[in-house]
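Asker: let's see this in three dimensions:
(chains A, B, C and D)
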There are 2 protein chains.
Amino acid sequence: MAVAETGQFQAAADELRISQQAVSKRIASLERHLGAALLVRTSRGSRPSLDGQVFLPHAKGILTATDRAEQAVRPGNRPLRVDVLNRRIAPAQAVYRFYRSQPDMNLDAVTLSTENAAQAAKAVLEGTIDASFRAMPAAEIPAGIAADRLLDVPLELLVGPGHPMSDAASVRPADLADHRIWIPGIRPDAEWAAFYETLSEAFGLSIDALGPHFGDEALMDALADSASLATLVGSGDRYLWPENYDLRRIPLREPTPVYPHLLLSRSGDQHPLLTALRDHLHTTGPQAPDDVWAPDWVDH
Amino acid sequence: MAVAETGQFQAAADELRISQQAVSKRIASLERHLGAALLVRTSRGSRPSLDGQVFLPHAKGILTATDRAEQAVRPGNRPLRVDVLNRRIAPAQAVYRFYRSQPDMNLDAVTLSTENAAQAAKAVLEGTIDASFRAMPAAEIPAGIAADRLLDVPLELLVGPGHPMSDAASVRPADLADHRIWIPGIRPDAEWAAFYETLSEAFGLSIDALGPHFGDEALMDALADSASLATLVGSGDRYLWPENYDLRRIPLREPTPVYPHLLLSRSGDQHPLLTALRDHLHTTGPQAPDDVWAPDWVDH
DNA sequence: TACTTTCACAACTCATGGTTGTTTCTGCTG
DNA sequence: CAGCAGAAACAACCATGAGTTGTGAAAGTA
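Answerer: As a prediction, this is how the structure comes out:
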């Protein structure tokens, strides 16, 4: 192509940033391979032979096909697929804020239909998604997965008006030891099962994780009516409830327990939006106070 | 492609006749180059990832484009272009016989508009034609040109009814020393100029090569009327003349002068029909008697 | 627990594509 | 006609990389 366009080997060599001799060898090799002379050499350059003229458009076709193929999978040319678990909780909001920082970005926020972090990691590994926000022990992170702790979500106590702590500005986790915490519908393999397990052990809480989840409304209903029942939610979680419930969020302090989301991604993933997302989370990052608590297993 | 089709590296390796490890390295290199994972490796094989599925049709496109490009210039997929000088003389007839031996062959018989052998050789070198029948000194054959002496055309004397030799069964070249041979319209750079030059020197002939050529009919006219004038023609030449001319062909013997056509072709030309043509000429080859004369310069 | 399958890694070999230096060919010019 | 300049090919050398064999790790299977 370069020789045909420029009319001589040296010019083609300059264009290709190689030596004239290398061009000569390439052409000779190609002609040998094809069994046909592609160029007519004269003392003032070269021009395509009849066979060369036939070959030229095909060669061009190969080059453009190659370019198109590379374009098609070039990182950034497809949307970044991020799993946000659930559109009501902190990861989804973080991703949405990221999206609003540059609304023309090529981003898909999806919700993987699994509560299991290992399965999410597998999906990342297989390329179904580029990233997922999950909490999982450092020891269980499979090879080939990069995990960055970029989103610590402080927990808050959600109580009804009759609860003794309903007017507190904040409460300490240890103060909850006498109260029942009810978080329904936690399946044993769900990623937050381990978190609440560790949390209750650390502060002597009695978290009632059993029993089916009958929906947010049933939970709100129970909380609003009970003077002893409380539940834990992420500080940014958008559980909408009707005004008549009058539930209150009480921040936890000293220390502040945080749910440590790791951004799981494939180690080799070069998608520029992935880097951008990491940067975004890093800068807008931990608004949590210094005195935080997280399970020791997240950082190994 | 092979991995995607077979579902595993080893099977792809078998298909490609290389080792499984080589396939692994190729895929790894491609993925590194593209910055994207194309395959999902499992313990029971591999399947295309999302990026891989996007890439696959492009890859297929590249392969078919490459195949098409090679096909387009594959020797044999285009007609063999043979220069026969002039449709009335021996080379054209030889090529026509060759063509009839397999009428579906892909062959173009063309007549290059030059009487100069060196120019014909240049056209061969440049790929304008694949082959040309020409007589030229071995020393003048350019590098890169293969020359095969495959068509010796015996000469015959063409005379009118009044010529002393008009009833001879054959004549010896030396016997022509006293007679005028008239071959009009030979330009000095024509390839047959050298031939007739050498011929007349060898046998002491006086060949009148000068004067413009006023067409075959004028020549026939002159021959038919003259008792002393004769000309030389190839034994197979198809000079048609009206019946009323009554010209006779007298074979030359002892020795038989032949016009030694060389089949000029590009040394690297792989066209299968070219080989076939050479074989054909070689077998149907020299029907000329043993006692032939040709210029010494043809074989150097 | 052992075994099989599948892919990746390591070390090595060797063909290939690149380099520089030089030669050949051809057309041009004094 | 010798000399010159431009273009491509040839030669020798070398680094890269694509292939090889041997081996190991991971995951499913008996």
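Asker: CA atoms only: put the host helix or strand of A:I27 into PDB for me.
Answerer: Per DSSP states H and E: A:I27 is located in helix A:20-34. In PDB, the C-alpha atoms belonging to helix A:20-34 read as follows (Å, rounded to 0.1, in the frame of the first residue of the first chain):
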ATOM      1  CA  GLN A  20      14.200   1.100   2.600                       C
ATOM      2  CA  GLN A  21      15.800  -2.300   2.700                       C
ATOM      3  CA  ALA A  22      13.100  -3.600   5.100                       C
ATOM      4  CA  VAL A  23      10.400  -2.400   2.600                       C
ATOM      5  CA  SER A  24      12.300  -4.200  -0.100                       C
ATOM      6  CA  LYS A  25      12.300  -7.400   1.900                       C
ATOM      7  CA  ARG A  26       8.600  -7.100   2.800                       C
ATOM      8  CA  ILE A  27       7.600  -6.700  -0.800                       C
ATOM      9  CA  ALA A  28       9.900  -9.500  -2.000                       C
ATOM     10  CA  SER A  29       8.400 -11.800   0.700                       C
ATOM     11  CA  LEU A  30       4.900 -10.900  -0.200                       C
ATOM     12  CA  GLU A  31       5.500 -11.400  -3.900                       C
ATOM     13  CA  ARG A  32       7.100 -14.700  -3.200                       C
ATOM     14  CA  HIS A  33       4.200 -15.700  -1.100                       C
ATOM     15  CA  LEU A  34       1.600 -14.800  -3.700                       C
END
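Asker: what about it, near DNA strand C?
Answerer: Yes. Judged by CB under 7 Å from any atom of the strand, helix A:20-34 comes into contact with DNA strand C at A:21-22, A:25-26, A:29. All C-beta atoms are positioned from the backbone trio N, CA, C, and that covers glycine.
Asker: could you check how far the spatially closest residue to A:R248 that is not a sequence neighbour is from A:A230?
Answerer: Once flanking residues are discounted, A:R248 sits nearest to A:S166: 5.2 Å by CB to CB, 6 or more residues apart in numbering or on different chains. Taking CB to CB, to the nearest Å as the measure, A:S166 falls 9 Å from A:A230.
Asker: how about the strands in the stretch 201-300 of chain A?
Answerer: Using DSSP state E, counting those that start in this stretch, the strands assigned to the stretch 201-300 of chain A run over residues A:206-208, A:229-234, A:248-251, A:256-266, A:292-293.
Asker: ok so, going back, and for A:S166 and A:A230, which residues touch both?
Answerer: The overlap between the contact sets of A:S166 and A:A230 (CB atoms under 8 Å, 6 or more residues apart in numbering or on different chains) consists of A:V159.
Asker: hang on, the earlier thing: could you pick out the buried ones from the residues of helix A:20-34 next to DNA strand C?
Answerer: Buried residues within the residues of helix A:20-34 next to DNA strand C, counting neighbours by 16 or more other CB atoms under 10 Å in any protein chain shown: A:R26.
Asker: export the residues of helix A:20-34 next to DNA strand C as TSV, with columns for pLDDT and distance to B:D148.
Answerer: Listed next are these as TSV, based on pLDDT from 0 to 100; distance: CB to CB, whole Å:
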residue	pLDDT	distance to B:D148
A:Q21	87	33
A:A22	89	35
A:K25	90	30
A:R26	88	32
A:S29	87	28
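Asker: out of the residues of helix A:20-34 next to DNA strand C, which touch DNA strand D?
Answerer: When contact is defined as CB under 7 Å from any atom of the strand, the residues of helix A:20-34 next to DNA strand C meet DNA strand D at A:Q21.
Asker: nearest to A:R68, of the residues of helix A:20-34 next to DNA strand C?
Answerer: Checking those against A:R68 by CB to CB gives A:R26 as the nearest, at 22.9 Å.
Asker: separation between the closest one and B:L112?
Answerer: With distances taken as CB to CB, A:R26 is found 32 Å from B:L112.
Asker: again, but for A:N77
Answerer: 53 Å.
Asker: look at these two and report which has more neighbours.
Answerer: A count of neighbours by other CB atoms under 10 Å in any protein chain shown puts B:L112 above the other of A:N77 and B:L112, at 20 against 14.
Asker: helix, strand, or coil at the more buried one?
Answerer: Here B:L112 is recorded as coil under DSSP: H, G, I helix; E, B strand; the rest coil.
Asker: and it, what does it touch?
Answerer: By CB under 8 Å, 6+ apart, the contact set of B:L112 is B:83, B:85, B:119-120, B:123, B:128-129, B:132.
Asker: list the contacts of the closest residue to it other than its chain neighbours.
Answerer: Distances taken as CB to CB, 6+ apart put B:D83 closest to B:L112, at 4.3 Å, once the chain neighbours are dropped. By CB under 8 Å, 6+ apart, B:D83 lies in contact with B:110-112, B:120, B:123, B:129, B:131-133.
Asker: and stretch A:72-85, what's buried?
Answerer: Of all the residues in stretch A:72-85, those buried under the rule 16+ other CB under 10 Å are A:72-75, A:78, A:80-85.
Asker: DNA strand C: which of those is nearest?
Answerer: When the buried residues of stretch A:72-85 are compared for distance to DNA strand C (CB to the nearest atom of the strand), A:V73 comes out closest, at 16.8 Å.
Asker: wait, isn't that closest one in contact with B:P57?
Answerer: No. Contact criterion CB atoms under 8 Å: A:V73 and B:P57 do not qualify, at 11.4 Å.
Asker: out of the helices and strands in chain A, which is least certain?
Answerer: Within chain A, confidence by mean pLDDT, DSSP states H and E is lowest for helix A:216-225 among all helices and strands, at a mean of 75.
Asker: for that helix, packing partners?
Answerer: Other elements packing on helix A:216-225 under the criterion 3 or more CB pairs under 8 Å, 6 or more residues apart in numbering or on different chains; DSSP states H and E are strand A:180-182, strand A:229-234.
Asker: show me what counts as buried in that helix.
Answerer: Neighbour-count burial for helix A:216-225 flags A:219-220, A:223-224 (criterion: 16+ other CB under 10 Å).
Asker: likewise stretch A:225-243?
Answerer: Buried, per 16+ other CB under 10 Å, within stretch A:225-243: A:229-237, A:241.
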